[in-house]
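J.: Got a predicted structure here, sequence first:
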Amino acid sequence: QVQLVESGGGLVQPGGSLRLSCAASGSIFSINAMGWYRQAPGKQREMVAAITSGGRTTYANSVKGRFTISRDNAKNTVLLQMNSLKPEDTAVYYCNADGVVVADLHEYDYWGQGTQVTVST
């Protein structure tokens, strides 16, 4: 069984910074891509940032230049450094691991439980 455990959410003032971390554990042979999604109240879940095992990154236009995603393949962890936060960044942030090869050599997708990020005065 694979689990994704997130940490680092919280309350921050506009212009502040937060760092989210996500660790995947279990019988994992490899992970293709890891990323962060978010869902604000009344809105659909959207991709924030993703990174492949080779280090290729993708960002939502709304966070380019403010957020940075990084990954440690050996530790199966992914970080999201969020700077210059805005009230519209307020959402529940979910970690995703895509193309996870486990003991049965099949690929699966996994999601974390979510962590709340609130940007407010």
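T.: Looks like it arrived, so ask away. Nothing here was measured: the structure is a model prediction, and the numbers come from that model.

J.: show me the contacts for Asp109.
T.: By CB atoms under 8 Å, 6 or more residues apart in numbering, the residues touching Asp109 are Asn96, Ala97, Asp98, Gly99, Val100. All C-beta atoms are positioned from the backbone trio N, CA, C, and that covers glycine.

J.: how about a cut-off of 7 Å?
T.: With contacts defined as CB atoms under 7 Å, 6 or more residues apart in numbering, the neighbours of Asp109 are Asn96, Ala97, Asp98, Val100.

J.: in what helix or strand does the spatially closest residue to Val63 that is not a sequence neighbour lie?
T.: Spatial nearest neighbour of Val63, excluding adjacent residues (CB to CB, 6 or more residues apart in numbering): Val48 at 5.8 Å. Assigned by DSSP states H and E, Val48 belongs to strand 46-52.

J.: hey, where'd the strands end up in this protein?
T.: Assigned by DSSP state E, the chain shows strands spanning 3-7, 10-12, 18-25, 28-39, 46-52, 57-59, 67-72, 77-82, 91-102, 107-111, 115-119.

J.: so can I have a markdown table of these showing mean pLDDT?
T.: What follows is the strands of the chain, written out as a markdown table (pLDDT from 0 to 100):
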| stretch | mean pLDDT |
| --- | --- |
| strand 3-7 | 95 |
| strand 10-12 | 98 |
| strand 18-25 | 97 |
| strand 28-39 | 95 |
| strand 46-52 | 98 |
| strand 57-59 | 98 |
| strand 67-72 | 98 |
| strand 77-82 | 98 |
| strand 91-102 | 94 |
| strand 107-111 | 94 |
| strand 115-119 | 98 |
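
J.: hey, which of these is tucked in deepest?
T.: Mean neighbour count (mean count of other CB atoms under 10 Å) peaks for strand 77-82 among the strands of the chain, with a mean of 22.

J.: other SSEs contacting it?
T.: For strand 77-82, the helices and strands in contact under the criterion 3 or more CB pairs under 7 Å, 6 or more residues apart in numbering; DSSP states H and E are strand 18-25, strand 67-72.

J.: for the ones you listed, which one sits closest to Leu11?
T.: Across those, Leu11 has its closest neighbour in strand 18-25 (9.2 Å, CB to CB).
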